[in-house]
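Colleague: Show me how the following folds:
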Amino acid sequence: MKKTLLLFIIALGLSGCHFFTDWRWRRSYVYQYEDAGSISLSDAETVFDTEGIRILFENLSLIGSVGSVDEEQIAAYDALCEKHGDMTYNRKINIHSGMGYNTNIGLDFLSIDVVSDSDYDESHVAGTSLADITLFYGGTLKPFIDSGYAPTGRHTNYSSVESLLTDLTPDQLTLLHSLMYLKFVSLPTLSKTHNFTVTMTADDGRIFSDTIEITFH
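Modeller: Numbering: from 1, shown residues only. A predicted model of the protein is given here:
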């Protein structure tokens, strides 16, 4: 588990790495917000020491950014900055156009759940929530912004989140990093092949869901 967490933190810290400098004055820390039309799931066995799930945001579209000239995009960007309390950064920041740096999904979530179409163990039959045995690995900018932009010593200023789905709070699912993983804390004792459905509920009422087949070895 320690190796797994270390690998995740390293990935989180390096995902914003950059290779050139372009400093610009900014009122808000988040440079750009994108909307997601859906999520997709992939097997994360190579990340963990057993089977796991990676969650990806798909069908991205621009909501708004510092450089927006469209009035609707400017208004949407400002509204999200205000929602997240990101209005007083007021300093220069390094911009990396086209590399996804400092771009956030303009969606905050209330909860994440996982179910299977097969019996996992005696306590989790088909269709039963697996939230109490599923760990979430992710990252959030919320603590950094809420602190008044206090330096974190990390390149991306994201705080890592490691929590059972049952214990996740909306604050931990706010201003999420694009790297998100799920890991089961116990192996199935009944069926070894499962169609897992992951459902993410956003605070605007939208439901994001996808299914992946995983066979445990």
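
Colleague: how about residue 115, secondary structure?
Modeller: Following DSSP: H, G, I helix; E, B strand; the rest coil, we place residue 115 in the strand state.

Colleague: what's the neighbour count on it?
Modeller: Residue 115 has 19 neighbouring residues, counting by other C-beta atoms under 10 Å. Just so you know, the C-beta spots here come from the backbone N, C-alpha and C atoms, and that holds for glycine as well.

Colleague: what sits against it?
Modeller: 127, 128, 129, 130, 196, 197, 199 (C-beta atoms under 8 Å, 6 or more residues apart in numbering).

Colleague: who does the lengthiest strand in the chain touch, helix- and strand-wise?
Modeller: For the chain, the strand that runs over the most residues, judged by DSSP state E, is strand 52-65. In terms of contacts (3 or more C-beta pairs under 8 Å, 6 or more residues apart in numbering; DSSP states H and E), strand 52-65 is packed against strand 32-43, helix 71-83, strand 180-184, strand 193-202.

Colleague: These: which one's closest to residue 142?
Modeller: helix 71-83 (11.2 Å; C-beta to C-beta).

Colleague: pLDDT on the closest one, on average?
Modeller: Taken as a whole, helix 71-83 has a mean pLDDT of 96.

Colleague: again with stretch 111-126
Modeller: 97.

Colleague: Start and end of that stretch, how far apart?
Modeller: With C-alpha to C-alpha, to the nearest Å as the measure, the first residue of stretch 111-126 is 20 Å from its last.

Colleague: From the chain's centroid, how far away is that stretch?
Modeller: Remark: stretch 111-126 is offset 22 Å from the chain centroid, using C-alpha atoms, centre = their mean, to the nearest Å.

Colleague: So that it lines up with my notes, have the first residue be 34 from now on.
Modeller: Sure, I'll start numbering at 34, so the last one becomes stretch 144-159.

Colleague: Could you pull out the buried residues of that stretch?
Modeller: Neighbour counts over stretch 144-159 (16 or more other C-beta atoms under 10 Å) mark 144, 145, 146, 147, 148, 149, 151, 152, 153, 157 as buried.

Colleague: how close does the third one get to residue 161?
Modeller: Spelled out, it's residue 146. For residue 146, the distance to residue 161 (C-beta to C-beta, to the nearest Å) stands at 11 Å.

Colleague: do the first one as well
Modeller: From residue 144 across to residue 161, the span is 16 Å (C-beta to C-beta).

Colleague: Likewise for the fifth one?
Modeller: Using C-beta to C-beta, residue 148 is found at 7 Å from residue 161.

Colleague: Next: the second one.
Modeller: As defined by C-beta to C-beta, residue 145 lies at a distance of 16 Å from residue 161.

Colleague: Check the fourth one too.
Modeller: With distances taken as C-beta to C-beta, residue 147 is found 10 Å from residue 161.

Colleague: Phi and psi next, for residue 151.
Modeller: For residue 151, the backbone dihedrals (degrees, to the nearest 10) come out as phi -130, psi 160.

Colleague: All set now, cheers.
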